[in-house]
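K.L.:
Give me coordinates for this.
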Amino acid sequence: MCGRYVVTNPVSKTNKIVKSAIQVEDTENYNAHPYQKLPVIKKYKSGNTLENLKWGIVPSWSKKKDFKPLINARLETIDEKISFKKLIKLHRCVAVADGFYEWKREEKVKTPYYFLREDKKNMYMAGIYENDEFCLITENASENISSIHHRQPVILNEVDVNRYLNLNLSQFEVCKLALKIERIINPLTGYQDTYGCGLGGGLKRLDITNRKSADEAKLAIEQRKFQIGEIERKTVRRNPAPPFTTSTLQQEASRKLGFSASRTMQTAQKLYEGINIDGENGVFLRSDLELSCKKSGPIEITLSSAEYS
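P.N.:
Below you'll find the model as predicted:
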């Protein structure tokens, strides 16, 4: 499957085959991931258009609110699955990328590998869309990729993009357009993403064992360009702290005031019995305490944990 890819300056890089761009700008995204809006090419009567669609399709027939969006569709069965068979005939699109990532699993360790064309040209990945959502089509991995992962995106050459988007194309011809990448740089020699700089691979703390590896990691990060992918704002509800018990009162007094358990209980007892201030029974601890005071008799005080915060 394909779950991460890189896309930079999509408008400039597709101006030869795209007539217009709708709310798409030349940006650099080194962590294009599912559920994110990403540039794809769609075909209209007026010509090809570059648009931002959300990666991950929730089928229109699904009634489940928690339905997990579909990010990939298998080429071998795309014309059989109810979620895809209509889309491959009428709603085809092409995602633009510089390269994509696959992870190699060895026991409990997953290592990211970055794949790109040897000539560094655009990578056009076949996809399908529904409304404002899309997913990528995958196929069995080519020889250069199969040692890392058993699946890969369906890659189209630039000259085949228009043919793929042609809605008069039969299903058989669509399958024939599933062109393999013939020339991919060997990922085992130069494109193992050791440091996963912003691309989902991640750098584990124990991977840095000496000064040299630390400097290499620092250099790799400094050479990358980063951007904020998305900002999520939400309202968080905070409940007030519960009233003190004897145990929690002692713990908070020790942690915040350095009181011993005996000193805490002596102070609490004095507060309960009342402290003589200027000839009157009264207590002054905090101005916002709830006090029930009388000139004679004990003083009742309601404390909460917030009083010591």
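
K.L.:
I'd assumed residue 250 was in a strand, is it?
P.N.:
No: using DSSP: H, G, I helix; E, B strand; the rest coil, the assignment for residue 250 is helix, not a strand.

K.L.:
Quick check: it vs residue 261, distance?
P.N.:
For residue 250, the distance to residue 261 (Cβ to Cβ, to the nearest Å) stands at 5 Å. All C-beta spots, glycine's among them, are computed from the backbone N, C-alpha and C.

K.L.:
Name the residue in those two with the higher neighbour count.
P.N.:
Applying other Cβ atoms under 10 Å to residue 250 and residue 261 shows that residue 250 carries more neighbours, namely 19 against 14.

K.L.:
which residues touch the more buried one?
P.N.:
By Cβ atoms under 8 Å, 6 or more residues apart in numbering, the contact set of residue 250 is 259, 261, 264, 265.

K.L.:
As a markdown table, the residues you listed with secondary structure would be great.
P.N.:
Converted to a markdown table, these look like this (three-state DSSP):
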| residue | secondary structure |
| --- | --- |
| 259 | coil |
| 261 | helix |
| 264 | helix |
| 265 | helix |
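
K.L.:
From those residues, keep the buried residues only.
P.N.:
Neighbour-count burial (16 or more other Cβ atoms under 10 Å) applied to the contacts of residue 250 gives 259, 264.

K.L.:
from the contacts of residue 250, which two are the most distant?
P.N.:
Using Cβ to Cβ, the pair of those lying farthest apart is 259 and 265, separated by 9.3 Å.

K.L.:
Report the beta-bridge partners for residue 125.
P.N.:
residue 95, residue 155 (DSSP bridges).

K.L.:
My read is that it contacts residue 98, right?
P.N.:
No: using Cβ atoms under 8 Å, residue 125 makes no contact with residue 98, being 11.1 Å away.

K.L.:
Quick check: neighbours shared by these two?
P.N.:
residue 5.

K.L.:
Could you report the neighbour count for residue 10?
P.N.:
The burial count for residue 10: 27, using other Cβ under 10 Å.

K.L.:
residues contacting it?
P.N.:
By Cβ under 8 Å, 6+ apart, the contact list for residue 10 reads 21, 24, 26, 27, 39, 50, 96.
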